[in-house]
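Colleague: for reference, the sequence and a predicted model appear below.
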Amino acid sequence: MKGRVMTQQSRREAVAAYKERKVEAGIYALRCLASGQLWIGKAADLSTIRNRLWFTLRLGGNPHRSLQEAWTLHGADAFTFEVVECVKEEDLRFGRERALKKRLDHWLAEWGGTGI
């Protein structure tokens, strides 16, 4: 019984730590090395976006058609993921979505590529 109590306590602590972690919003880029294609996106939580993208791509259900087609054709090993910019929390206070969209537009104009 004592082991189970410790497990529940450990779980509670892990959940609390997850909820208290600092979340960074920003801009990311995916590149297909085989084709040279570039996709740029925005995320409210940069720490989780790569796993979410890879999950949808592996299942064949990513909503961005050109990205899914390149993934299916070239495979996961042809792709790189990079954080392009972390947006400061104070810049997000009065309109998170608007601030992220503005930064996304900046990077699309700077680098080209496809917005996702």
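Modeller: Arrived safely.
Colleague: strands of the chain, start to end?
Modeller: With strands called from DSSP state E, the chain shows them at 25-32, 38-43, 79-87, 114-115.
Colleague: and the helices in this structure?
Modeller: Taking DSSP state H, the helices of the chain run over residues 2-20, 46-59, 65-74, 89-92, 96-111.
Colleague: turn the strands of the chain into JSON lines, including mean pLDDT.
Modeller: Listed next are the strands of the chain as JSON lines, based on pLDDT from 0 to 100:
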{"stretch": "strand 25-32", "mean pLDDT": "97"}
{"stretch": "strand 38-43", "mean pLDDT": "98"}
{"stretch": "strand 79-87", "mean pLDDT": "96"}
{"stretch": "strand 114-115", "mean pLDDT": "96"}
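Colleague: let's have those strands in JSON lines, adding distance to Ser66 and mean neighbour count.
Modeller: The way it works is simple: take the backbone N, C-alpha and C, and place the C-beta from them, glycine included. Converted to JSON lines, the strands of the chain look like this (distance: least, Cβ to Cβ, whole Å; neighbours: other Cβ atoms under 10 Å):
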{"stretch": "strand 25-32", "distance to Ser66": "10", "mean neighbour count": "21"}
{"stretch": "strand 38-43", "distance to Ser66": "8", "mean neighbour count": "21"}
{"stretch": "strand 79-87", "distance to Ser66": "13", "mean neighbour count": "15"}
{"stretch": "strand 114-115", "distance to Ser66": "6", "mean neighbour count": "14"}
